[in-house]
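Asks: Generate coordinates for the sequence data below:
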Amino acid sequence: MKHIISALCCCLLICMHSSAQYEKKVDFNYVVSYSYEFQPDSTDPGFRLKETMLLLIGKDFSQFISEDLFRDDSILAALREEAERTQSMPRRPPRPQGSASDRQRAKIAYKIFKEFSVGQYTMSAAFGLHHAEHVSPIDQLNWQLVQEEKQIAGFTCKKATTSFSGRKYTAWYTTEIPISDGPHKFTGLPGLILSLSDTAGHHMFTAINVEKKSKSAQLHKRSGPLFHLFATKEEFIAYGKEMKADPAKMYEQPYMQVPEELLQLQVEKIKKSVAKNNNPIEL
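Replies: Okay, the predicted model is just below:
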């Protein structure tokens with residue numbers, strides 16, 4: 001099993017090295033940590049998961065990403081830099097045992113990068129060895145402001161309600177941080193959203209920490225046969241459904257052959273995961 005896992009890691013690094021094209025680093029001024037509690041299986045209300053999500057906010061943009069995925073992206077960025085500098089296959093550093101970095105892979109695999117200056121967002125997700133993106137206008141939500149207040153993470157918050165992608169939501173935002181942003185694709189309120197939940201309680205975001213501090217992220221333009229840019233959200237969703245219906249496609253690539261034993265293990269693992277993840281935030 002060890003040699004099989006090593007082969008997949010090698011394949012990932014080859015794909016990573018072949019497609020990296022750096023553009024720039026993005027500097028963020030705020031880092032908001034949310035506890036995201038969700039019910040992945042609509043038929044099993046007793047099964048719930050949690051993930052820490054980050055909203056990194058800059059002057060004209062923000063990035064919404066799993067804390068674990070942000071960590072992994074940072075590691076991959078360092079490996080890309082080493083690969084370009086040495087022109088050789090980099091070696092992934094071991095994770096310290098028993099530390100915060102010694103955790104499972106991210107449960108939330110998508111990322112959302114909002115560009116407020118041009119009124120659009122980029123949504124990206126990984127499907128095995130493949131990476132898909134689409135660019136769309138930022139959603140203009142119809143918010144109803146409610147005269148209620150409560151404290152969240154030390155901030156006075158006001159209530160608002162809206163509907164989005166098949167669900168009704170209640171949000172709590174603070175004008176003490178006059179940034180019109182929030183988790184996932186939610187924007188448009190006169191302050192930062194610190195709490196958000198749908199009325200069924202299937203998807204709940206609660207701010208657990210708000211820090212005004214500098215943090216950087218490396219952005220790079222992807223290209224090559226493993227990158228897929230779609231013109232519309234609908235095409236992006238259709239591609240995701242196609243890959244999940246036939247998980248073996250997630251590992252098709254021209255660089256090296258994935259061992260059959262590993263491929264079958266991954267395909268069965270993905271099929272089981274897909275069956276239990278039938279309740280996405282966007283219906």
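Asks: ranges for the helices of the stretch 101-250 of the chain?
Replies: 233-245 (DSSP state H, counting those that start in this stretch).
Asks: show me the contacts for the residue lying farthest from the centre of the chain.
Replies: In the chain, the residue that sits farthest from the middle, by CA atoms, centre = their mean, is residue 147; the gap is 32.5 Å. Neighbouring residues of residue 147 by CB atoms under 8 Å, 6 or more residues apart in numbering: 158-159. Yep, even glycine has a C-beta here, placed from its N, CA and C like the rest.
Asks: Also residue 215?
Replies: When contacts are counted by CB under 8 Å, 6+ apart, residue 215 is found next to 27-28, 31, 56.
Asks: who wins for neighbours among those?
Replies: Ranked by the number of neighbours (other CB atoms under 10 Å), those place residue 56 first, at 21 neighbours.
Asks: now for the helix or strand encompassing that residue, which elements pack on it?
Replies: Per DSSP states H and E: residue 56 is located in strand 49-57. On a contact count with 3 or more CB pairs under 8 Å, 6 or more residues apart in numbering; DSSP states H and E, strand 49-57 meets strand 22-38, strand 61-66, helix 67-86, strand 203-220.
Asks: Including distance to residue 256, could those go into JSON lines?
Replies: Below are the helices and strands packed on strand 49-57 laid out as JSON lines (distance: least, CB to CB, whole Å):
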{"stretch": "strand 22-38", "distance to residue 256": "24"}
{"stretch": "strand 61-66", "distance to residue 256": "28"}
{"stretch": "helix 67-86", "distance to residue 256": "16"}
{"stretch": "strand 203-220", "distance to residue 256": "22"}
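Asks: Just say which of these is most tucked in.
Replies: strand 61-66 (a mean of 23; mean count of other CB atoms under 10 Å).
Asks: Please work out the average pLDDT along that one.
Replies: On average, the pLDDT along strand 61-66 is 95.
Asks: now the angle from that strand to strand 203-220?
Replies: Using axes from the mean of the first three to the mean of the last three CA atoms, to 10 degrees, the inter-axis angle of strand 61-66 relative to strand 203-220 is 120 degrees.
Asks: Neighbouring strands - and their directions - for strand 61-66?
Replies: Paired neighbours of strand 61-66 in the sheet (DSSP bridges): strand 49-57 (antiparallel), strand 110-115 (antiparallel).
Asks: any idea how far residue 30 is from residue 212?
Replies: 6 Å (CB to CB, to the nearest Å).
Asks: ugh, typo on my part, it should be residue 38
Replies: Using CB to CB, residue 38 is found at 24 Å from residue 30.
Asks: cool, residue 139 as well?
Replies: Noted for residue 139: a distance of 21 Å to residue 30, by CB to CB.
Asks: if we can go back for a sec, distance to residue 223 and mean pLDDT for the strands paired with strand 61-66 - can I get that in TSV?
Replies: Listed next are those as TSV, based on distance: least, CB to CB, whole Å; pLDDT from 0 to 100:
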stretch	distance to residue 223	mean pLDDT
strand 49-57	25	97
strand 110-115	17	95
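Asks: Alright, that wraps it up for me.
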